Every structure is written in structure tokens, then in C-alpha cells.
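>>> Please work out how this folds:
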Amino acid sequence: MTPVPHPEHGVENLCAAGTELYARALREGYVLGVDAEDAPCLVDFGLLHPAVTDPDRLEPVAPAVALHRMLRITEERIADERRREARLAEVFEPLLRIDGRRTGADDSSMISVLSGLDLISRVIGQTMAAASELLAIQPNTSDRHARTPPTVLVEAFDRDQALLDRGGRIRTLYQHTQRHAPGVVARYERLRGDVEARSLDEVTERLIIVDRTVAFIPANKDRTLALEVRHPALISFFVTAFDRLWRLATPMYPEAVQPPSPDGITPRQRAIAALLVEGHTDAVIADRLGMNIRTARVHIAKLAATLGSESRAQLGYLIGQSGILGQEDPTE
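From the prediction side, this is the model:
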């Protein structure tokens with residue numbers, strides 16, 4: 001028998017199955033993912049989210065926290081959403097009377113799990129609606145741009161430009177391999193305002209910091225889960241890490257700096273040399289530096305030719321003898 005599709009509805013008209021399951025999750029502290037198959041609306045609305053330690057378990061967001069987030073959305077559409085706001089309060093009123101001690105400590109809302117690209121994008125957009133500063137680290141973005149729907153990329157560009165139009169500032173760190181990526185080049189050809197970009201051979205995983213008060217980081221490899229972090233100590237750590245990487249990075253926009261190549265060794269080849277000395281394979285080097293393995297091997301071959309190496313073992317020795325890893329970066 002073909003299962004009956006879940007009817008579409010808003011959170012203010014929470015279905016009976018969703019209300020019952022959410023109430024059980026509040027009483028018991030969690031439900032299994034299979035239990036939510038008949039009420040997928042709870043995950044879509046952010047009322048249930050995967051546990052950090054066990055993605056097969058869904059934990060409830062405290063009703064007060066969930067209600068606050070929903071009401072924050074309605075503030076953007078006050079004139080059209082008065083009736084919806086009243087309905088929201090009505091739906092959550094009986095849930096607020098449930099003993100919610102199993103939802104965690106009062107500071108648990110400082111780290112929230114966001115499930116699904118649509119919800120992640122929506123929450124980031126809401127957070128940036130009145131922001132004045134954006135700090136971001138973007139690792140190799142080619143695959144992400146290929147998987148991301150065009151509408152999402154357009155929305156991200158529009159909200160960034162809106163921040164700049166308010167007089168805000170944007171600082172972004174990329175891997176060196178992204179300097180000439182079509183999507184990145186097009187972005188900086190169009191953005192107008194206080195925006196800068198720099199690049200490094202290696203960067204961290206994706207990081208978004210808004211107004212130095214909220215951060216978003218991936219919670220799984222394909223980035224369909226994200227953590228929304230508001231803990232002051234963690235935010236301070238993220239900002240410090242970003243600032244230190246920023247000082248080490250090479251300016252990319254508005255003015256790209258092409259550092260000289262002392263002794264015929266390019267900065268990219270020096271980065272590869274450092275990883276070769278550490279004993280990494282070609283595949284690991286390519287992954288660390290955001291390039292394909294064929295490009296990495298071309299650079300290794302050119303490095304070997306420049307140093308006069310005839311074998312992998314000899315290349316490591318010649319790198320150590322050449323002193324190229326001790327040379328100061330000419331961009332600093």
C-alpha cells in the first residue's frame with residue numbers, strides 16, 4: 001500500500017501526529033528518527049534535531065526556545081502575520097506546561113543543531129538580517145557550488161550585498177586554489193562595499209561568524225547538518241583563530257598580491273615541500289591543499305626538477321638541505 005503523503009501545513013497548524021510526537025519527545029528527552037517518519041514537519045520546523053552524539057536520535061528543542069525562534073520570524077512580517085502569531089502562542093501554550101527538564105540545561109540553547117540545507121540557509125539569513133559584520137572561512141568550494149541550488153547562491157549573494165549596503169563589512173578566507181574559481185571571481189566582480197578576501201594554502205572547515213556573537217559550523221561531512229553556536233567562549237575562540245589566519249593570508253581582493261618565487265620555488269611548491277617532508281602521500285597533499293592529485297604531482301615533479309632530485313627519498317633530503325622551508329614569506 002502506498003503511504004499517505006504528509007499534508008503540508010504551517011507550524012501554527014501543527015498536525016496531530018506532530019503535536020503528539022513532540023510532546024512525547026519532551027517527556028522522554030528524545031525519539032528515534034524512524035518515529036518521526038509520520039511527522040516530518042517537526043524536523044522541517046526545527047522542533048526536533050539530530051543528537052550530536054547519535055544522529056539516529058532526535059532531541060526536542062525546548063518549547064520556549066522554539067517559540068522564541070518562530071516569533072522572531074514573524075517580526076519580519078508583522079502586518080501580515082498577526083493571526084499566525086496568536087495561533088503559535090495557542091499551539092505552544094499546553095506544551096510549555098510539560099515538564100521540560102529532559103531538554104537539557106538552560107545554556108543548551110547556546111549550541112543548536114540545524115538539519116537540512118533549507119533550514120540552515122534560513123537561520124543564517126535571519127541572523128544576518130540586521131548584522132553589520134560577517135567573517136567567513138570557505139575551504140575548497142567547487143564541489144559545494146556544484147551541489148548548491150542556484151537559488152540558494154543568489155539568496156546568499158543578496159543577503160551579503162544587503163549587509164554591505166547597510167554599511168557593514170565582510171572578510172572571507174579562501175584556499176589558494178579558489179583564487180580564480182569562476183564562482184568566486186564573479187562574486188567579487190559584483191559585490192560593492194567594504195568587502196575583502198584573502199587566501200591560504202590550507203584553511204579550516206567552513207566557518208561563518210556574524211557580528212562576533214553567532215557562529216555556524218558544519219556538523220557532518222556533506223554539510224546537511226550544522227551547529228549554531230552562541231557560547232561566548234567558543235565565539236571568542238573562533239574569532240581569534242580567524243584573525244590569526246587573516247594576518248597570515250595573502251590579499252586576494254580588492255588587490256591580489258603575487259609573491260615572488262625565490263630560487264625558482266613558488267609559494268605553492270614550498271607548501272607542497274613542507275607536506276612532503278612530513279611524509280604525506282600525493283593524495284593527502286592534494287586534499288590538504290585543495291587541488292586534484294594530478295595537479296599535485298605536476299608541482300612535485302617541477303619541485304624535483306628544480307632541486308635536481310632523482311627519487312622521492314632524495315627529494316626529501318634536498319628539500320631539507322635547500323633551506324626553502326626556512327625562508328620567510330615575502331608577503332608578510
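
>>> which stretches of the stretch 51-200 of the chain form helices?
63-74, 82-96, 117-128, 142-147, 150-165, 182-190 (DSSP state H, counting those that start in this stretch).

>>> The longest one to helix 117-128, inter-axis angle?
Per axes from the mean of the first three to the mean of the last three Cα atoms, to 10 degrees, the angle that helix 150-165 makes with helix 117-128 is 10 degrees.

>>> Only the buried residues of helix 150-165, if you could.
For helix 150-165, a neighbour-count test (16 or more other Cβ atoms under 10 Å) marks Ala156, Arg159, Asp160, Gln161, Ala162, Leu163, Leu164 as buried. Using the backbone N, CA and C atoms, a C-beta is placed for each residue, glycine as well.

>>> Next, the angle from that helix to helix 182-190.
Relative orientation of helix 150-165 versus helix 182-190 (the same axes, to 10 degrees): 30 degrees.

>>> how near is the nearest residue to Asp165 once chain neighbours are set aside to Met128?
Of all residues not flanking Asp165 in the chain, Gly193 sits nearest, at 6.7 Å (Cβ to Cβ, 6 or more residues apart in numbering). To Met128, Gly193 is 14 Å away according to Cβ to Cβ, to the nearest Å.

>>> And Val185, by the same measure?
Val185 is 23 Å from Met128, where distance means Cβ to Cβ.

>>> next one: Tyr30
31 Å.

>>> What of Lys221?
In terms of Cβ to Cβ, Lys221 sits 25 Å off from Met128.

>>> which of the two has more neighbours?
When neighbours are counted by other Cβ atoms under 10 Å, Lys221 and Met128 differ, and Met128 comes out ahead with 21 against 8.

>>> wait, isn't that one in contact with Leu134?
Yes - counting by Cβ atoms under 8 Å, Met128 does reach Leu134; the two are 6.8 Å apart.

>>> anything in contact with each of these two?
Residues touching both Met128 and Leu134 (Cβ atoms under 8 Å, 6 or more residues apart in numbering): Leu163, Val210.

>>> between Gly193 and Met128, what contacts are shared?
Leu163.

>>> Could you check how many residues crowd around Gln175?
There are 21 residues near Gln175, going by other Cβ under 10 Å.

>>> Who does it form a beta bridge with?
On the basis of DSSP bridges, Gln175 is bridged to Leu200.

>>> Next one, pLDDT for it please.
Gln175 carries a pLDDT score of 87 in this model.

>>> From Glu278, how far off is it?
Taking Cβ to Cβ, one finds Gln175 at 18 Å from Glu278.

>>> so where's the stretch 51-200 of the chain shaky on pLDDT?
For the stretch 51-200 of the chain, applying pLDDT under 70 flags the ranges 73-83, 85-86, 99-109, 141-153.

>>> at 90 instead, please
51-56, 61-112, 116-119, 121-122, 129-131, 139-158, 164-168, 175-194, 199-200 (pLDDT under 90).

>>> May I see the buried residues of stretch 162-181?
Buried, per 16+ other Cβ under 10 Å, within stretch 162-181: 162-164, 168, 170-179, 181.

>>> which residues pair with Ile111 across the strands?
Beta-bridge partners, per DSSP bridges, of Ile111: Val229.

>>> Could you check how many residues crowd around it?
15.

>>> contacting residues for it?
Counting by Cβ under 8 Å, 6+ apart, Ile111 touches Leu227, Glu228, Val229, Arg230, His231, Leu234.

>>> Asn140 contacts His176, correct?
No - contact between Asn140 and His176 fails when scored by Cβ under 8 Å: they sit 10.1 Å apart.

>>> start to end distance for stretch 39-56?
Taking Cα to Cα, to the nearest Å, the first and last residues of stretch 39-56 lie 15 Å apart.

>>> Give me the contacts around that stretch.
By Cβ under 8 Å, 6+ apart, the list of residues contacting stretch 39-56 from outside reads 6, 9, 11, 14-15, 17-18, 21-22, 25, 30-33, 36, 57-61, 66, 69-70, 112-116, 119, 123, 219-220, 225, 227.

>>> And Arg268, how far from Thr281?
For Arg268, the distance to Thr281 - Cβ to Cβ - is 18 Å.

>>> Kindly report the same for Thr266.
Thr266 is 21 Å from Thr281, by Cβ to Cβ.
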